[in-house]
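Novice: here is a sequence with its predicted model. Questions after.
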Amino acid sequence: MKIPQDVLKLLNEQFYNELYAAHIYFGMSAYFKRSPYQGFASWMSIQAKEEMSHAMKIYNFLNERDAPFETAPIPKPEKDSYDSPLDAFKAAYAHEQLVTSQITKIFELANEKKDYATADLMNWFINEQVEEEHNTYQFVKGLEFAGNDQTLIFGVNSWAAKRSE
C-alpha cells in the first residue's frame, strides 16, 4: 500500500521537524558550553543526536515504502541564548510537547486513512515522546526546586552529565 498523499506530506514535514529539534538542542548545547554548566551541554548534545536519529527513522521508513522524499529548509531556532538553565529546559519541554502534537496528528491521520504501517511507526514515536517529555520535565522540576541555589543547580547539572549516548 502506498502512503496516502496527506500522510506522506506530514511525514516529510516531520522529518524536518526532527531536524529542527536537533537544531534547537545543538543551540542549547552551545549555549551551555559557554557556561559553567557542562553537564547540561552534554545532555543537550546527546539529545540533538537523538533527534537526528529520529529524522533518519522517518527517512528510512519513506525509502522502505518507496515514497518520495521532499527536501526543505530547516529554520533557525527562535533563541540562541537563555536567561537560565531553567529557561532552557522550559523551552525544551515546550518543544517536546509540540513534537508530541505533531506526531499525534500523523498517527491519527494514518489510522483514519488505514495506513497502519505509518500508524505503527508513529506509535513508536508516541512512546518515545512520553520519554522525551518526561525527561525534559524532570529537569524543569529539578531546576525549579533549585531556584537560585547554585549548589543545587550544579547538582542538577551533575545529574545531566550522567546521561550517556
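Specialist: Arrived safely.

Novice: which SS state does the residue nearest to Met28 when sequence neighbours are not counted fall under?
Specialist: In space, and not counting its chain neighbours, Met28 is closest to Met44: 4.3 Å by CB to CB, 6 or more residues apart in numbering. All C-beta atoms are positioned from the backbone trio N, CA, C, and that covers glycine. Following DSSP: H, G, I helix; E, B strand; the rest coil, we place Met44 in the helix state.

Novice: so which bits of the single longest helix found in the chain are buried?
Specialist: Counting by DSSP state H, the longest helix found in the chain is helix 116-146. Across helix 116-146, burial judged by 16 or more other CB atoms under 10 Å covers 118-119, 121-122, 125, 128-129, 132-133, 135-137, 139-140, 142-143, 146.

Novice: for the helix or strand harbouring Leu98, packing partners?
Specialist: Assigned by DSSP states H and E, Leu98 belongs to helix 85-112. With contacts taken as 3 or more CB pairs under 8 Å, 6 or more residues apart in numbering; DSSP states H and E, helix 85-112 sits against helix 5-33, helix 38-64, helix 116-146, helix 150-161.

Novice: between those helices, which one is nearest to Phe89?
Specialist: helix 116-146 (4.2 Å; CB to CB).
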